[in-house]
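**Q** Build me a model:
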Amino acid sequence: MEAMRTLQDHLDRRVGELQRLKKEGVKIIGYAPGGYMPEDLVYAAGAVPVGLVRGGDHEAVAESAAYLPRFLDTFCRSQIGYKMLGEEPLYEMVDLFVVPVTDNNMRAVAESWSFYTGVEVFRFGVPHDKEDDAYQYYLEGLRMLRDKLERFTGNKIEDSRLKDSIRLSNRMWESLEKLSLLRKSARPPVSGAEFARLNHASFYADKPALVNILESLCAELKGKEGPGAKSRVLVTGSTLAMGDYKIVDLTEGAGGAVVIEEFAEGMRHYWQRVNLEGAVLEALADRYFRRRVPPAWFRPSRERIDFVMKLAREYAVDGIIWYQLMYRDGYDIQSFYFEKIVEKETGLRVLKVQSDYDRSEIGPLRTRLETFVETVKGGRK
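**A** Residues are numbered from 1 along each chain as shown. Here you go, the predicted structure:
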């Protein structure tokens, strides 16, 4: 696919471009993923946002043990380990690290970066329900973030620039959604592995270039078909990080097709747009907080479960894989009743697997996934 080759060429140059921009005085704003950080504010301030979504390497997990206890989420320990190892260029070029504090795991990431590195950390809180007072609290966090970015960059965030950035983001989300909807086909033209890598590229690619590439890819794939598969699979859980592709690669290597996924962290949400009518900051809060599908730790948790089951029906999946990282307790708890609800209401089988980014996991995981793909062939119980 020509568009994919163009994207890869862009990504091969992107780290060098970001390093050049940094030398020219452009601020690089790193942020923790989770869907609560509007990149649009960063662009409107004349800076460049970079989502820190790397994962999958046990070396980073092991390195974090020198800085905090083991009993925290694997992905969040990695975010500390990558910074301390000093080997990931995107982590090294960050001027300001923005952390939407969603739970104690993300709080630990923010505190470790603040205490052990020279990078300034800005935090704002994310409530655990969607009541009006929670929405107002999140909105106030965005106001604080806007003020911080203006002080940090020396640039005023004008509504006109912010709206231009939002329009570009809306185009990006629309293209990602179109690509995802193509996967409803009996023979999807884009694989789960390809879509995950495309999604992850959006966290650090140049957004105008990325949008053009995504729109070209949508046009290129229209009417195309891919190979068939034994089983259509939905993958869900807490985090699918850039570089942590074993759950997708092994599933598709076993003859399955990952046709849709739902993750709170690591994968960019693309189902909602920002409505530009009315006050722009309120519109951002509405899209990023009130209308987005909540993570497992939200109250009540049924909204997320219903959304995953809706995806399962629309994408005609034969089974669901729950990919759980160690010590992400909110998701671990939800997984127990998730399986029972899904099997009762849809008849679909659910396989739960757990990871600590350890290489020794690969063999047993491959065996379990091969068995699951074969078992769910033909669909519901």
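
**Q** Give me the buried positions along the helix or strand Val61 falls within.
**A** Following DSSP states H and E, one finds Val61 within helix 58-64. Neighbour-count burial for helix 58-64 flags His58, Ala60, Val61, Ala62, Glu63, Ser64 (criterion: 16 or more other CB atoms under 10 Å). Glycine gets a C-beta too; all of them are placed from N, C-alpha and C.

**Q** so the fourth one touches Gly81, yeah?
**A** The one in question is Ala62. Yes - with contact defined as CB atoms under 8 Å, Ala62 reaches Gly81; the gap is 7.0 Å.

**Q** host element of the residue nearest the centre of the chain?
**A** Closest to where the C-alpha atoms of the chain average out (CA atoms, centre = their mean) is Met267, at 2.1 Å. Using DSSP H and E, Met267 falls within no helix or strand.

**Q** Kindly report the same for Phe97.
**A** For Phe97, the host element (DSSP H and E) is strand 96-101.

**Q** The very next helix or strand once past that strand vs strand 96-101, what angle?
**A** Sequence-wise, the next helix or strand downstream of strand 96-101 (DSSP H and E) is helix 104-116. If you take axes from the mean of the first three to the mean of the last three CA atoms, to 10 degrees, helix 104-116 sits at 150 degrees to strand 96-101.

**Q** Out of the helices and strands in the chain, which is least certain?
**A** helix 329-346 (a mean of 93; mean pLDDT, DSSP states H and E).

**Q** What residues sit buried inside it?
**A** Asp329, Gly330, Tyr331, Asp332, Gln334, Ser335, Phe338, Glu339, Ile341, Val342, Thr346.

**Q** As TSV, those residues with distance to Tyr138 would be great.
**A** TSV is the format used below for the buried residues of helix 329-346 (distance: CB to CB, whole Å):
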residue	distance to Tyr138
Asp329	23
Gly330	18
Tyr331	21
Asp332	25
Gln334	22
Ser335	26
Phe338	26
Glu339	31
Ile341	28
Val342	29
Thr346	32
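
**Q** Between those, which sits nearest Arg14?
**A** Tyr331 (31.0 Å; CB to CB).

**Q** Report all helices and strands that the least confident helix or strand of the chain contacts.
**A** Judged by 3 or more CB pairs under 8 Å, 6 or more residues apart in numbering; DSSP states H and E, the packing partners of helix 329-346 are strand 231-239, helix 302-314, strand 319-325, strand 349-355.

**Q** For the stretch 151-300 of the chain, which segments count as helices?
**A** Secondary structure of the stretch 151-300 of the chain (DSSP state H, counting those that start in this stretch): helices at 159-181, 192-201, 207-221, 246-253, 280-285.

**Q** Poorly predicted segments of this protein, please.
**A** 378-381 (pLDDT under 70).

**Q** returning to what we had before: what's the farthest-apart pair in the buried residues of helix 58-64?
**A** Checking the buried residues of helix 58-64 with CB to CB, the most distant pair is His58 and Ser64, at 10.7 Å.

**Q** The helix or strand containing Arg146 vs helix 159-181, what angle?
**A** Here Arg146 sits within helix 132-153, counting by DSSP H and E. Interaxial angle of helix 132-153 relative to helix 159-181 (the same axes, to 10 degrees): 120 degrees.
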